[in-house]
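Asks: coords please:
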Amino acid sequence: MDALESDRKTVAELGTTISEQALLACDTQAPSSSRIDAIAEVANQSAELQNIVQRMMSIEDKFLVPAIGAIVPTREQKSFNNRVLRKLGLLDSRLHLVGMYETVWEENNSLEKEMFKQAIPGFTQQLIPRWKRKLYQPRTYMME
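Replies: The predicted model follows:
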């Protein structure tokens with residue numbers, strides 16, 4: 001948990017630094033050399049951010065998720081998931097579901113796919129490609 005907390009702080013710091021460097025890179029009044037350096041810094045820090053987030057996800061998948069699965073009853077997990085989705089609101093909950101779908105299909109784990117199909121209503125599953133195209137992709141392309 002200490003490693004996750006440390007990584008969380010580093011991610012927050014990187015996010016701030018990347019935002020600042022991106023503003024500098026877009027500043028047409030700044031010298032060209034400063035803008036070029038800022039672009040390189042954004043690329044380097046983005047790569048570092050990706051590595052840290054992947055490490056965090058790996059730790060969560062290996063330790064946190066199984067621990068919660070073993071301790072918290074399935075019924076309470078479902079109740080919590082439903083509360084999270086309600087709290088997110090309509091747009092963010094759709095984005096969350098598309099992100100979950102993308103993750104499950106990227107991992108290509110047949111058990112996870114089956115669990116997703118059982119947990120998510122069929123009508124919602126049919127809407128995921130549209131949400132991906134209309135909501136998810138525009139946001140993820142903006143971030144690249």
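
Asks: Helices of this protein, start to end?
Replies: 2-26, 32-59, 65-71, 74-107, 110-119, 122-131, 137-143 (DSSP state H).

Asks: Tabulate those helices (CSV), appending mean neighbour count and mean pLDDT.
Replies: Quick note: C-beta positions are derived from backbone N, CA and C, even for glycine. Shown next, in CSV, are the helices of the chain (neighbours: other Cβ atoms under 10 Å; pLDDT from 0 to 100):
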stretch, mean neighbour count, mean pLDDT
helix 2-26, 13, 92
helix 32-59, 14, 91
helix 65-71, 10, 83
helix 74-107, 13, 83
helix 110-119, 12, 88
helix 122-131, 13, 89
helix 137-143, 10, 64
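
Asks: Now Val98. Nearest residue, chain neighbours left out?
Replies: Tyr136 (4.2 Å; Cβ to Cβ, 6 or more residues apart in numbering).

Asks: hang on, the one you found packs against Met100?
Replies: No. At 11.0 Å, Tyr136 does not count as touching Met100 under the criterion of Cβ atoms under 8 Å.

Asks: hmm, back to that, can you pull the contacts of the residue nearest to Val98?
Replies: Leu95, Val98, Gly99, Glu102 (Cβ atoms under 8 Å, 6 or more residues apart in numbering).

Asks: which residue sits closest to Val72 in space, ignoring its chain neighbours?
Replies: Using Cβ to Cβ, 6+ apart, the nearest residue to Val72 is Phe80, at 7.9 Å.
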